[in-house]
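In: any chance you can model this:
(2 chains)
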Amino acid sequence: MTSPEKKSIGIFKKNSELQTVVTITVVFIVGVVLYQMINSLINGGTVVYPTFLYPSNILNIMQQVSAVGIMALGMTAIMLTGSIDLSIGMMTSLVAIFIAKAVMDWAISPAMAVIYAVLICVGLELVMGSIISWLNVESFIITLGGMIACRGIALLISNSQEVAMRQNLAWFKSNLVDLFNPEGIKVFGLKLNFPYYVILFFILTAITWAMLKYTKFGRRIYAVGNNPQAAFLSGINVKFTRLMAFVFNGVCVGVGATMQLVRVNTGIITVGQNVEIDVIAAVVIGGVAMSGGKGNVLGAFIGAILMGTITNAMTIMRIQFEWQYLVKGLIIIAAVAGGAASEILRARKSRKGRLAIGQPEHRLQQSANTGSIPPKKGNEQ
Amino acid sequence: MDQPIFRLINISKTFPGVRALSNIDFDLMPGEIHCICGENGAGKSTLIKILSGAYQPDPGGAIEFEGRKRTLTPRLAIELGIQTIYQEHNIFPHLSVTENIFAGLEVMQGLKVDRNTMRQKAAEALDYLHCSFSPDAIAGELSSSERKLVELAKAVIFQRKIVILDEPTASFSSSEIDMLLEVIRKIVATGIAVVYISHHLDEVFRLDGRVTVLRDGVKVMTVNASDITEEELVRSMVGRDVSAFYSRVYYPKGDVALEARGLHGNGVRNISFKAYRGQCLGFAGMVGSGRSELMTLLMGGAKKTGGEVLVDGQEADFNRPSDAIRRKFCYITEDRQQTGLFLKHSIARNSIVANLVNMKDFLISPKHDYAVGERYIQELGTKAENADVVVGNLSGGNQQKVVLAKWFNTQGDIYIFDEPTRGIDVGAKQEIYQIMMELLRQGKCILMVSSDMPEIVSMSDHVIVMKGGQIAGELAREDISEESILNYSIGGSQK
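Out: As a prediction, this is how the structure comes out:
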């Protein structure tokens, strides 16, 4: 018997889903770095340290992925229970417009506006989650309805117009680096920018990770997603667990949408457009099964960073944005298909192994059945 | 009448590890009713599937249809005129009766469907069978007995040669049974041969055709129903080798752990029993007699509509399974994969899941899961490398041990075993029995549902036989035998 300590060294062996996303991320990054280095060699004659790997650029990627990453945490919880939430994109727009409107037109303080926004998201998710879990209807359809309705509310409160803000949420953008050195730190001549909201992303990831791994609630989420019937008979309140996943997602969407608004600074309906696609893509690339019960927040975390990295790298390499969609799409397909393929290979391997182990047992069973070597007459007749 | 329309000669069927049918000879005359009897697992379903072409028999046997050797496929069987009516309905609920009868076989008039002819033909057939519903009725609104009649009308219209009915009367009322038997007689009068499988022996005698008895995949006999009594028929279905039985130790009877008084709900009616510590209370009966439904009800998995449950003498009202688990109930379900296990998860995760209800800690480390998983791997002798192994990769017997680990970890007192050894090989079976014995030795109480006759006979201290959602009879230890159980579960006419 191997001890758990020995086992935990090969963390990737345990998490095939993580293996896939890490492999793809590493391959992509190495590819981009090589491209930049070769490019500089051809054009300038010397190999230059690639701009893609500048610390300022890495921090830049983190800023770009924070909002989607935070929402991916909530989506992970939802997808682990076997549901999905399509409404988060339009809910993001709704939150952005609400906060902008509240601060600019309704004279609500930015802090209170953010708190209200989170509460609104929790409330909306609570309603949709209740319908989904108690009436046992498809989350796909209910949240599709929610998405359209959110769009309607958002357009109604903004009168279909954009609401520009005056850096009222700038606190979230405060640079952590400035705390240490008010002059700012420059690497390669570029100032490092490490805003608070990136830290928030890391903290929330850690909290979600711990919640799924170390609490009863986490275990229930996985159980419900894998086999709701067995979970029910094992004493788990399946409906409540599903609902709580939606509520948790509400918090994540509220916070994530605020981050999105912090970056664009304008409450407009396009803020959340296609956000749900990016979030679901990040979670799926991270190895969370659409059928539920399988996956991992770290996978979604890396998945979100990978998505941001693709956009960033292709912008740096000055590749037309049209190509970005193609590459992103292909990477999603490769990640999921690759994960499934490695799973099949693994299963085939272990089945072979099991048959080899099982053989003596099988022989024992046969002799127990017949008491002696079975006569071979059936075939000759 | 001397030439059989359908013959099986020396048919065997082997599944991995199991021989479902051995050297069966079977023949069917035109216009006769041929009943097939046997316990659960005697091979009736396999035989039907061979008759309908769904299964291919092992090489060595032959199937003859109207004197010609055939290799049956489901499609060929239908083309030859063999119609199988399964327990679950093959019906399009949104279409009318006429549309259902002619689905895929529409009468055409050029490119147009000839509705009038179809409706008229359907009406004639329904009339012949004395059906009370119209050919325009929506099939989904018919009762389950009327839906059977729709399928029988189909046989009449298309002049099928053979109709196979698999337990048609499950969940029928007695008047519906009367009606169905009447219709079957009418169909036979048109020259159609009927193969009839039923758990109810009185129907077999009322149909008064020939009877073939199967036991453990072997044909015992084929006789005319009029030449045999019910007792003789039951006796022919039982009678196993002594080695099939597990010899167990008996422990002294303890206090009453669980008592049900007039329990109603989830399809069962008026259930009363007492289950004692140190004893195994067996629930026998045919598949579909309401045993698993009763267990789900006891566990709080379904709504109770009447009666009461007492645990250790105190009334216990369970709204959901977690309530039952807190009162130390354990429920090893019939279908491990569907309702017992989390196949994508590790042994460790599976082992702790039921005990989450009892755990007070807010934080639980994965190390705790692993330790619990490992402990029960050792205790139960599960064949797995370690507790991180994904349960879906284990064999049936080892999966069952993981289910047991899940419940042992709750420190339960009252164990409900539903088909504890289904799909488990002989060696693992013995191990499961030993584990059950150990539970009894510790003074736990076991309720065991089983359709495996040797299992229920040899493991139970007391047997309750269920039929149609009710208790049909009770047997004390000295009275438990295959015959006495079958008398209650399928005979039934004497009580």
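In: OK, contacts around the residue in chain A that chain B sits nearest to?
Out: Nearest residue of chain A to chain B (Cβ to the nearest Cβ) works out as A:Gly235 at 3.7 Å. Any C-beta I mention is one placed from the backbone N, CA and C, and that applies to glycine too. By Cβ atoms under 8 Å, 6 or more residues apart in numbering or on different chains, the residues touching A:Gly235 are B:320-322, B:324-326, B:354, B:356-357.
In: contacting chain A as well, which ones from the residues you listed?
Out: Contacts with chain A within the contacts of A:Gly235, as defined by Cβ under 8 Å from any Cβ of the partner chain: B:320-322, B:324-326, B:354, B:356-357.
In: could you flag which of the residues you listed are buried?
Out: Among the ones next to chain A among the contacts of A:Gly235, those classed as buried by neighbour count (16 or more other Cβ atoms under 10 Å in any protein chain shown) are B:320-322, B:324-325, B:354, B:356-357.
In: so which of those residues sit within strands?
Out: Within these, no residue falls in strands by DSSP state E.
In: please produce JSON lines containing the residues you listed, extended by distance to A:Gly286 and pLDDT.
Out: Listed next are those as JSON lines, based on distance: Cβ to Cβ, whole Å; pLDDT from 0 to 100:
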{"residue": "B:Arg320", "distance to A:Gly286": "33", "pLDDT": "91"}
{"residue": "B:Pro321", "distance to A:Gly286": "32", "pLDDT": "92"}
{"residue": "B:Ser322", "distance to A:Gly286": "32", "pLDDT": "92"}
{"residue": "B:Ala324", "distance to A:Gly286": "37", "pLDDT": "92"}
{"residue": "B:Ile325", "distance to A:Gly286": "33", "pLDDT": "92"}
{"residue": "B:Ala354", "distance to A:Gly286": "29", "pLDDT": "91"}
{"residue": "B:Leu356", "distance to A:Gly286": "26", "pLDDT": "90"}
{"residue": "B:Val357", "distance to A:Gly286": "31", "pLDDT": "88"}
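In: from B:Ile9, how far out is the closest residue to chain A within the stretch 1-150 of chain B?
Out: Proximity of the stretch 1-150 of chain B to chain A (Cβ to the nearest Cβ) peaks at B:Gly60, 4.9 Å away. Counting by Cβ to Cβ, to the nearest Å, the gap between B:Gly60 and B:Ile9 amounts to 10 Å.
In: all helices for the stretch 201-350 of chain B, in order.
Out: Counting by DSSP state H, counting those that start in this stretch, the stretch 201-350 of chain B has helices at residues B:201-207, B:230-237, B:291-298, B:321-326, B:347-352.
In: that should have said the stretch 151-300 of chain A, apologies.
Out: Per DSSP H, counting those that start in this stretch, the stretch 151-300 of chain A carries helices over the ranges A:176-180, A:196-214, A:216-226, A:228-233, A:238-264, A:275-285, A:297-316.
In: what's the closest of those to B:Val218?
Out: When the helices of the stretch 151-300 of chain A are compared by Cβ to Cβ, helix A:228-233 sits nearest B:Val218, at 36.4 Å.
In: residue ranges of each domain in chain B, please.
Out: Annotated domains of chain B cover B:6-242, B:253-491 [automatic domain parsing].
In: please identify the most buried of these.
Out: Most buried of the domains of chain B, by mean neighbour count (mean count of other Cβ atoms under 10 Å in any protein chain shown): domain B:253-491, with a mean of 20.
In: tell me how far it lies from the chain's centre.
Out: The chain centroid and the centroid of domain B:253-491 are separated by 18 Å under Cα atoms, centre = their mean, to the nearest Å.
In: give me the below-cutoff pLDDT ranges for the chain.
Out: Picked chain A for this. Counting by pLDDT under 70, chain A contains low-confidence ranges at A:1-17, A:350-381.
In: other chain: chain B
Out: Residues of chain B that meet the cut-off, pLDDT under 70, sit at B:1-2, B:17, B:89, B:171, B:239-244, B:426, B:491-495.
In: how about it: which residue is closest to chain A?
Out: In chain B, the residue found nearest to chain A is B:Ser322; the distance is 3.7 Å by Cβ to the nearest Cβ.
In: distance-wise, check that residue relative to A:Val275.
Out: 37 Å.
In: and what of A:Tyr214?
Out: 29 Å.
In: equivalent analysis for A:Asn60, please.
Out: With the distance defined as Cβ to Cβ, A:Asn60 ends up 19 Å from A:Val275.
In: so between those two, which is more surrounded?
Out: Higher neighbour count among A:Asn60 and A:Val275: A:Val275, with 22 against 18, using other Cβ atoms under 10 Å in any protein chain shown.
In: can you tell me the SS state at the residue lying closest to the more buried one once chain neighbours are set aside?
Out: What sits nearest to A:Val275 in space, not counting adjacent residues and going by Cβ to Cβ, 6 or more residues apart in numbering or on different chains, is A:Gly89, at 4.0 Å. The three-state label for A:Gly89, taken from DSSP: H, G, I helix; E, B strand; the rest coil, comes out as helix.
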